[in-house]
Structures are given as C-alpha cells and as structure tokens.
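**Student:** Predicted model and sequence follow; I will ask about them next.
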Number of protein chains: 2
Amino acid sequence: MADNASGSEGLLFLTDEQLRKGIEAMFFAYRGFTADPDRILEGMDYGRAHHRAIHFIHRSPGLTVSSLLTFLGVTKQSLNRVLRTLFEDGLVEARVGKTDKRERRLHLTDKGAVLERALSDAQRARMRAAYRAAGPQAVQGFRTVLEAMMDPELRRQYLGLREDMA
Amino acid sequence: MADNASGSEGLLFLTDEQLRKGIEAMFFAYRGFTADPDRILEGMDYGRAHHRAIHFIHRSPGLTVSSLLTFLGVTKQSLNRVLRTLFEDGLVEARVGKTDKRERRLHLTDKGAVLERALSDAQRARMRAAYRAAGPQAVQGFRTVLEAMMDPELRRQYLGLREDMA
DNA sequence: CTTACCATGTCAACAAGGCTGACGTAGTTT
DNA sequence: AAACTACGTCAGCCTTGTTGACATGGTAAG
C-alpha cells in the first residue's frame, strides 16, 4: 500500500489503515509494558492491581484512600480487597490524618518499598531501552500523543501531579 | 533532584522521574484507549475480549483459530468461550479449510462487520483526534517508541513478518 | 448538641475473563 | 496402523472488577 503523502503538515496521513496500526501498536506495546512486573508478581499472592496501588502510594506518599480511588478508577470494595492484603503483609501502612482524622494516609513500609523498587526497576528498564532505541525526538512525540489520548479528567490527574517541566 | 540537562542528543534525560512519567502516561492513555469501545460493549453480552477477537478477524479474514490464539496471547479455552458466543449470535462464521480440513477459517458475517465498524469507528475517532492534536512528527515518535516497547515476538506479529496464514 | 453528611471498611453475591488439566474427535502425516 | 495436529469441551479455580446494603467514627452545620 503506497500510503505516502504524510507531509509535514499532516492531515492526509490519517487513513484508517494508519489509525489501525496505531491501535494495534497500543495493544501490543501494552502487553510488553505490563509483562515484566507481571512476571515478578506471579507466584507471589499479588497481581497487577497490587502493583498499581503500590505505584501510586510510592509516588504520592500520604495520599488518602479516596485519592487513590480516583487514580485507579475502581470501586472502594475492589481497592479494599487489595489494600487489606498489603496491610496484612506489612507492605503498606495507614496513618490517621492530622487535620481530618477520618482519613487514612497511605505509606509504603520499608518492605513495601523493596517490592516497589523491584517492580519499577523492571518496568523502567524496558521503558529506558525503548526510549534509548527511539531517541529523544520520538520520546517527545510518544508523550504528546499519549497525553492527547487520555480522557480529559484523567489528563488532569496526570498533569496535575507533575512537579516540573513540560 | 534537579533533573535538568535533558540535552538534545539524549541519554541524560532518562531520569527515573522521566521514566515514571512515561509509565503513567501509558497507564492513563490505555484507559482512554479502551474507554469508547467498552462503552459500546457494555450492556450487550460482550466485553473487551470479544472486541479483540472481532478486531483481528476483521483485520485478517480467514485466519485460523490458532493464529488468532497467538495474536491474542490467551489459552484456547479462554478464546473458545468468546468465539462460541460470537458464533451463536451470528457475528462470526467458520469455514472449513480447503487444504487442511481441520482448520476453521474465521470470517465476520455482515452482522459482525456492523459491530466491528461501530467499535473501530469509536476507537479510531479518539486516535485520530489525538494524532491531529499532536501532529505528524509526534505520531512518528509515538509509533517508534511503542514498537520498541513490544516483546520481540509480538513485534514480529505487529510488523506482519510472519503471516503465513494462507 | 443534635443532625446530617463524609471517609472508610465490610459482608455478600455476582460476572468477566484469565488459567490448568484432562479428554474427545476429526483430519493429516509418516 | 500409529502418531501427531487442529480444535472443541468439561470442570474447576483465581483475580479483579461490579452492585447493594450496612456499620462506625469524625466533621460540620443547624
């Protein structure tokens, strides 16, 4: 298929075929994206849901349950099942909020931090390799497209917690 | 933690922080990516697994069950549960292979094609909007990074280097 | 200070979609 | 005839999502 004409001011390149390629790229890449952490978790009593919780608790220490809920986009019952095992196994601890004592602010324990490290090291290794192979120009584009693909609400979440840079 | 020095010939920009943002971008963007088809499927008796099967059958009409299996990366039992309902509802039909009669070559029916259209129209609309907003340069980078992120095996599938399904 | 929300946990039941293991049945190959 | 292959299927289990109802203690507003 000669699908050229993807000139530098680009509307013409948005053929259904091009878009389908993008869709499949997302599908296959996401599989790779989750593969390494999944491999680590397998055999332990944890799964992808635990990984996600651990990730966000690491990223925002002291966040509340309801904040975590909106990041993850699941029900509290679903999250609670996960959190409970993380408490029991001593990977996460909850401290009562200072100003509002109803809140439980979540933190990783040392033990939790160890697992977090292992998981994110694996995931970052793949991301780093991909970034290296693609180059900084491509990375910029990658982030731009992903950002544009998010629901506005989620994009706000994503951007809202950036501490710096663009 | 001043992460500056993200020079233009980039190795230095691969800080953990940068990588973490890439990871979260994947997470949030994938949610958006699946949101629209999910919305269509919800209420019907179908889910994301049906969407994936329909997608690949549409893309490669006449593919065999085992080819579909390797694209999807699930077990035959899992796939079969999905395929069965698609047969029963007349969205997909199987034709006995000409050369090898053990094979069942899968095709969408007209009815199946209608649903495929609805699903992929929704998904492409989002992809198209993101591509437009980001520009062709960014799209190029997007695809490059995603490709680099795939498992080698899956990348081969994606690039279509192994389609001996005739 | 009571009343009404709010943050969180929990019990119960259910569904989708993964998985393993074992077995069956045609059709193909040797 | 035997062995291998493509596919289907039964049965059971797991993770992770859902809804609905209810409990508890903290906060805020009347």
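**Tutor:** Received it, and whenever you're ready, just let me know what you need. Residues are numbered from 1 along each chain as shown, chains lettered A, B, ... in the order given.
**Student:** Could you grab the helix/strand/coil label for the most centrally placed residue in chain A?
**Tutor:** Centroid-nearest residue in chain A, with CA atoms, centre = their mean: A:Arg52, separated by 6.9 Å. The three-state assignment at A:Arg52 reads helix, by DSSP: H, G, I helix; E, B strand; the rest coil.
**Student:** Now the residue of chain A found nearest chain B: which helix or strand?
**Tutor:** Chain A approaches chain B most closely through A:Gly141 (2.4 Å), counting by CB to the nearest CB. From N, CA and C alone the C-beta is placed, and that goes for glycine too. Taking DSSP states H and E as the criterion, A:Gly141 maps to helix A:136-149.
**Student:** Please name every helix or strand in contact with that helix.
**Tutor:** The contact analysis (3 or more CB pairs under 8 Å, 6 or more residues apart in numbering or on different chains; DSSP states H and E) places helix A:136-149 against helix A:152-160, helix B:16-41, helix B:110-134, helix B:136-149.
**Student:** can you tell me if the first one touches chain B.
**Tutor:** What that stands for is helix A:152-160. Yes. Using CB under 8 Å from any CB of the partner chain, helix A:152-160 comes into contact with chain B via A:Leu154, A:Arg155, A:Gln157, A:Tyr158.
**Student:** Neighbours of the residue of chain A found nearest DNA strand C, how many?
**Tutor:** Of the residues in chain A, the one nearest DNA strand C is A:Ser66, at a distance of 2.9 Å by CB to the nearest atom of the strand. Counted with other CB atoms under 10 Å in any protein chain shown, residues neighbouring A:Ser66 total 12.
**Student:** Over to A:Leu69?
**Tutor:** Residues lying near A:Leu69 (other CB under 10 Å) number 16.
**Student:** And A:Glu116, by the same measure?
**Tutor:** Neighbourhood size, A:Glu116 [other CB under 10 Å]: 19.
**Student:** so it makes contact with A:Phe56?
**Tutor:** No. Counting by CB atoms under 8 Å, A:Glu116 stays clear of A:Phe56, with 10.4 Å between them.
**Student:** how about the nearest residue to A:Gly47, chain neighbours excluded?
**Tutor:** A:Leu41 (5.9 Å; CB to CB, 6 or more residues apart in numbering or on different chains).
**Student:** for that neighbour, what are its contacts?
**Tutor:** Counting by CB atoms under 8 Å, 6 or more residues apart in numbering or on different chains, A:Leu41 touches A:Gly47, A:Arg48, A:His50, A:His51, A:Leu119.
**Student:** Let's see that with 7 Å instead.
**Tutor:** With contact set as CB atoms under 7 Å, 6 or more residues apart in numbering or on different chains, A:Leu41 has these partners: A:Gly47, A:His50, A:His51.
**Student:** One more: A:Ala53?
**Tutor:** Per CB under 7 Å, 6+ apart, neighbours of A:Ala53: A:Leu68, A:Val82, A:Leu83, A:Leu86.
**Student:** so what's the last one closest to, chain neighbours aside?
**Tutor:** The shortest distance from A:Leu86 to any residue that is not its chain neighbour, by CB to CB, 6+ apart, is 4.1 Å, and that residue is A:Val92.
**Student:** Would you check how far apart the one you found and A:Gly112 are?
**Tutor:** Going from A:Val92 to A:Gly112 by CB to CB, to the nearest Å gives 5 Å.
**Student:** And A:Arg126, by the same measure?
**Tutor:** From A:Arg126 across to A:Gly112, the span is 22 Å (CB to CB).
**Student:** Which single residue in chain A comes nearest to DNA strand D?
**Tutor:** Closest point on chain A to DNA strand D, by CB to the nearest atom of the strand, is A:Gly47, at 1.8 Å.
**Student:** tally of neighbours for that residue?
**Tutor:** Look at A:Gly47: counted by other CB under 10 Å, it has 13 neighbours.
**Student:** Kindly report the residues of chain A close to DNA strand C.
**Tutor:** Listed as neighbours of DNA strand C in chain A under the rule CB under 7 Å from any atom of the strand: A:64-66, A:69, A:76-77, A:80, A:83-84, A:94, A:100, A:102-104.
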